[in-house]
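A.B. asks: 3D, please:
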Amino acid sequence: MPLYERPSELPEYGFEAPVYVNPTDYIDFKNGYTDTLNHRRSRWAEHFSRKSVARSRKLKRFCRKGIPPASRPEIWMMVSGAKSRMEASPGLYLEAVSKEPDNKIMSVILADLPRTFPENVFFKNFTDPESKLPSLKRVLVAFAAQFPEVGYCQGFNYITAMLLLVLRGSPEANEERAFWLLDALINHILPPYYSDDMVSVRRDCMVLGDLIKLRDPALNSIVVNSGVNYTTLCAKWFICLYADVLPIETTMRIFDCLFYEGDKILFRAGFALIRLHRNHLLQCHEFPELLTTFRSMCHDKQTLWCHEFLQAMFTLPGNLSRKTIEELRQSAERRVLEENLS
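C.D. replies: Alright, predicted model coming up:
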């Protein structure tokens, strides 16, 4: 993949412009997506200003088309249930942040902090007045202390960092809301991905593979014949919820839908990501080139163009019902448990 010189400006959220698309394409993307955001902003203002925002078919449709950045904190808090749980437990975050998890968990958190988006201006220097690293540490420590049955798992750092980049307000207010959004994801929206045996992650990677097999057998054969499994290729997608996997705005667009619709969005994203790169993948015949393609396809023009990527998420897989996913999960979980016994 060719690398290009970065444009001089620093985009929103503190990430530098990507080097994996040429500057002209990146400017075209920014201009086009700015127009899209302006249109979505006016549509949100038209339909949801001066009204209490309640879950509805219209709100679901609007979340799929993208939440305006300024509205994301409020909408994410509301549709995820984080706001109601926060209001039902005033002071819980301050109590949790005063605790400390056990030393082993604390050492893992401290080791992961400098690895979290090191290229981002807000996560480069712990002592910088604008740094979000102190907030990231406090939220992760509070969550691990408050929910010792979950504790801390690698992946939480990227998810929480992304939440902190979205939230607007004082560090204290942002930390509390990030804590409750993380709680919504880990304890209410997602399956138990972060258990020691990773059964749920392995199962859902298998389910994604089964969806590919059902709807594109030729593409699935490429993966199977390479001798690699979908867990090796896709586990990070589910563990990090595509944070530190896809471009930042694309990930945020996925979160717009994840908070509203739940974990089946992760399958739509994975299916679209694989199918959009079908032609490249069909040319892979050995494990090394397949692995290289799976890594490179996460950062290219097709994933950067987030509005088009989201459209692909809801068209390429076709109808994807909760019933279908649960049936595939039952079969996949049996296979995972059989693997554990072998």
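
A.B. asks: what's the closest non-adjacent residue to P134?
C.D. replies: Computed as CB to CB, 6 or more residues apart in numbering, the closest residue to P134 that is not its neighbour in sequence is F126, at 6.8 Å. In short, each C-beta sits where N, CA and C put it, glycine included.

A.B. asks: meant to ask about G270
C.D. replies: Once flanking residues are discounted, G270 sits nearest to L208: 4.8 Å by CB to CB, 6+ apart.

A.B. asks: three-state assignment of Y20?
C.D. replies: What DSSP: H, G, I helix; E, B strand; the rest coil gives for Y20 is coil.

A.B. asks: thought it was touching T303?
C.D. replies: No - counting by CB atoms under 8 Å, Y20 does not reach T303; the two are 9.3 Å apart.

A.B. asks: who has more neighbours, the two?
C.D. replies: T303 (24 against 18; other CB atoms under 10 Å).

A.B. asks: Which residues are in contact with that one?
C.D. replies: Contact analysis of T303 by CB atoms under 8 Å, 6 or more residues apart in numbering lists 246-247, 250, 273, 276, 297, 309.

A.B. asks: What strand or helix carries it?
C.D. replies: When elements are assigned from DSSP states H and E, T303 belongs to helix 301-304.

A.B. asks: Buried residues of that helix, list them for me.
C.D. replies: When neighbours are counted by 16 or more other CB atoms under 10 Å, the buried residues of helix 301-304 are found to be 302-304.

A.B. asks: Would you format these as CSV with pLDDT included?
C.D. replies: Formatted as CSV, the buried residues of helix 301-304 follow (pLDDT from 0 to 100):
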residue, pLDDT
Q302, 95
T303, 96
L304, 94
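
A.B. asks: Dump these into TSV; add distance to L110 as well.
C.D. replies: Formatted as TSV, those follow (distance: CB to CB, whole Å):
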residue	distance to L110
Q302	37
T303	31
L304	33
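
A.B. asks: Tell me how far the residue nearest to G270 lies from S226.
C.D. replies: According to CB to CB, to the nearest Å, L208 stands 16 Å off from S226.

A.B. asks: How about F126?
C.D. replies: For F126, the distance to S226 - CB to CB - is 42 Å.

A.B. asks: ok, the two, which is more surrounded?
C.D. replies: S226 (18 against 13).

A.B. asks: Start and end of stretch 273-283, how far apart?
C.D. replies: Using CA to CA, to the nearest Å, one end of stretch 273-283 lies 16 Å from the other.

A.B. asks: returning to what we had before: which of the buried residues of helix 301-304 lies closest to K83?
C.D. replies: When the buried residues of helix 301-304 are ranked by distance to K83 (CB to CB), T303 comes first, at 30.5 Å.

A.B. asks: Please, where are all the helices along the stretch 201-342 of the chain?
C.D. replies: Using DSSP state H, counting those that start in this stretch, the helices found in the stretch 201-342 of the chain span residues 217-225, 230-239, 248-261, 264-276, 278-281, 287-296, 301-304, 306-313, 322-341.

A.B. asks: of those, which approaches S84 most closely?
C.D. replies: Nearest to S84, of the helices of the stretch 201-342 of the chain and by CB to CB, is helix 248-261 at 13.2 Å.

A.B. asks: With just CA atoms, put that closest one into PDB.
C.D. replies: C-alpha atoms of helix 248-261 as PDB (Å, rounded to 0.1, in the frame of the first residue of the first chain):
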ATOM      1  CA  ILE A 248     -12.000   7.100  13.800                       C
ATOM      2  CA  GLU A 249     -15.200   8.600  12.200                       C
ATOM      3  CA  THR A 250     -16.100   5.200  10.800                       C
ATOM      4  CA  THR A 251     -15.800   3.700  14.200                       C
ATOM      5  CA  MET A 252     -17.900   6.500  15.700                       C
ATOM      6  CA  ARG A 253     -20.600   5.900  13.100                       C
ATOM      7  CA  ILE A 254     -20.600   2.200  14.100                       C
ATOM      8  CA  PHE A 255     -21.000   3.300  17.700                       C
ATOM      9  CA  ASP A 256     -24.000   5.500  16.700                       C
ATOM     10  CA  CYS A 257     -25.700   2.300  15.700                       C
ATOM     11  CA  LEU A 258     -24.200   0.000  18.400                       C
ATOM     12  CA  PHE A 259     -25.600   2.100  21.300                       C
ATOM     13  CA  TYR A 260     -29.100   2.000  19.700                       C
ATOM     14  CA  GLU A 261     -29.300  -1.400  18.100                       C
END
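
A.B. asks: If you count contacts, what does it end up packed against?
C.D. replies: If contacts are counted by 3 or more CB pairs under 8 Å, 6 or more residues apart in numbering; DSSP states H and E, helix 248-261 sits against helix 57-65, helix 72-80, helix 156-166, helix 264-276, helix 306-313.
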